[in-house]
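Novice: Need a 3D model of the sequence below.
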Amino acid sequence: MTTLEALVSAELAEPVDPRVSAMAGAIAAAHGAASRAVLFYGSCLRERQLDGLMLDFYLIVSDYRAAYDKRWLATANRLIPPNVFPFAHDGLAAKYAVLSETDFAHLTSTEADNVSVWARFAQPTRLVWAADDGAREMAVTAISEAPITLFQLTLPILAPDAGHSVLDIWQQGFNRTYASEIRAERSGKSTSIVDADSARYFAVGEATLQAIALRMGVGPNGEVGNFDHPDRIERRWARLQRRGKWLSVLRLAKASFTFAGGIDYLAWKIGRHSGMPVAIKPWQRRWPLLGAVVLVPKLLAKGAIR
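Specialist: Prediction:
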């Protein structure tokens with residue numbers, strides 16, 4: 001086990017509120033034997049606040065077809081991963097996204113065609129339910145790839161000979177990932193995430209550089225080699241940004257079928273993060289897919305999302 005994997009394993013095992021573990025078990029039970037792991041992440045983990053908020057989980061399953069009674073849900077999850085569902089348990093509200101083990105491994109790697117998974121799992125996460133030791137090992141392996149992916153796509157685009165710190169790499173990387181999705185958060189959010197837990201990001205960042213050095217080798221002065229040429233990495237980011245914006249809209253549209261009240265949740269979350277209240281009209285609740293399609297351009301124009 002590498003230093004990075006050891007840090008990830010320890011972080012995943014850190015304790016959480018028992019209500020989080022109970023909800024994770026209930027989410028896993030809803031998908032039966034297909035459930036492999038449940039991961040807790042996001043603002044509720046960072047802020048240690050549960051009541052009145054919506055908790056964020058990822059459910060990792062062995063196979064989409066085995067996870068659902070309805071074939072169309074499996075097909076939707078395979079074509080545009082992940083599916084997202086609302087969930088309530090013991091007075092708490094949550095949403096959870098579903099990914100197969102195969103997709104989880106792919107979407108945390110440098111082969112991913114969008115940032116949504118590796119950008120999230122480069123941040124702190126807790127493994128709050130696992131089917132067995134194999135599932136735990138799967139989670140550690142996949143999540144350990146997330147910061148490596150972020151660093152390998154960030155290091156080549158940093159200004160050369162500028163003396164960047166480990167925290168600079170994180171902040172620059174998160175700046176790029178935030179620009180690659182439709183986001184409600186204000187500018188500077190990526191910096192505040194790193195600053196709020198700088199010791200963690202420094203330790204994981206150092207271990208990430210060690211892991212990259214093992215793979216890529218080091219230069220004559222001990223520098224870590226670039227994953228690719230800076231020009232190609234910039235073109236890669238441009239593709240990630242274009243694809244990420246479109247995927248955000250497609251996932252929103254898909255969620256109108258899987259997420260009861262999803263358009264109201266969207267309005268609440270945008271208002272919470274942007275400070276701009278978002279009013280949902282009755283017709284948008286009756287036809288959430290059309291309502292979401294109409295809503296997104298207006299929010300972009302107002303600057304409530306970017």
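Novice: Could I get the CA-only coordinates of stretch 102-109 as CSV?
Specialist: The C-alpha coordinates for stretch 102-109 follow below in CSV (Å, rounded to 0.1, in the frame of the first residue of the first chain):
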residue,chain,number,x,y,z
THR,A,102,-16.4,-0.3,-13.2
ASP,A,103,-17.6,3.2,-13.8
PHE,A,104,-16.3,4.4,-10.4
ALA,A,105,-12.8,3.2,-11.2
HIS,A,106,-12.9,4.8,-14.7
LEU,A,107,-14.3,8.1,-13.6
THR,A,108,-11.7,8.7,-10.9
SER,A,109,-8.9,8.0,-13.4
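Novice: phi, psi of the most centrally placed residue in the chain?
Specialist: Central residue of the chain (C-alpha atoms, centre = their mean): Arg120, 2.8 Å from the mean position. With angles defined as degrees, to the nearest 10, Arg120 sits at phi -70, psi -40.
Novice: if I pick it, what's in contact with it?
Specialist: Residues near Arg120 by C-beta atoms under 8 Å, 6 or more residues apart in numbering: 41-42, 146. The C-beta positions use only the backbone N, C-alpha and C, and glycine is treated the same way.
Novice: go on, His31?
Specialist: Going by C-beta under 8 Å, 6+ apart, His31 touches 59, 61, 67-68, 98.
Novice: Can you give me the distance of it to Phe87?
Specialist: With distances taken as C-beta to C-beta, to the nearest Å, His31 is found 11 Å from Phe87.
Novice: Likewise for Leu150?
Specialist: 28 Å.
Novice: These two: which is more packed in?
Specialist: Neighbour count, other C-beta atoms under 10 Å: between Leu150 and Phe87, Leu150 has more, with 27 against 18.
Novice: My reading is that that one lies in a strand. Confirm?
Specialist: No - Leu150 is assigned helix when assessed by DSSP: H, G, I helix; E, B strand; the rest coil, not a strand.
Novice: And the helices in the stretch 1-150 of the chain?
Specialist: 3-12, 18-30, 43-47, 64-67, 71-79, 101-107, 116-121, 133-154 (DSSP state H, counting those that start in this stretch).
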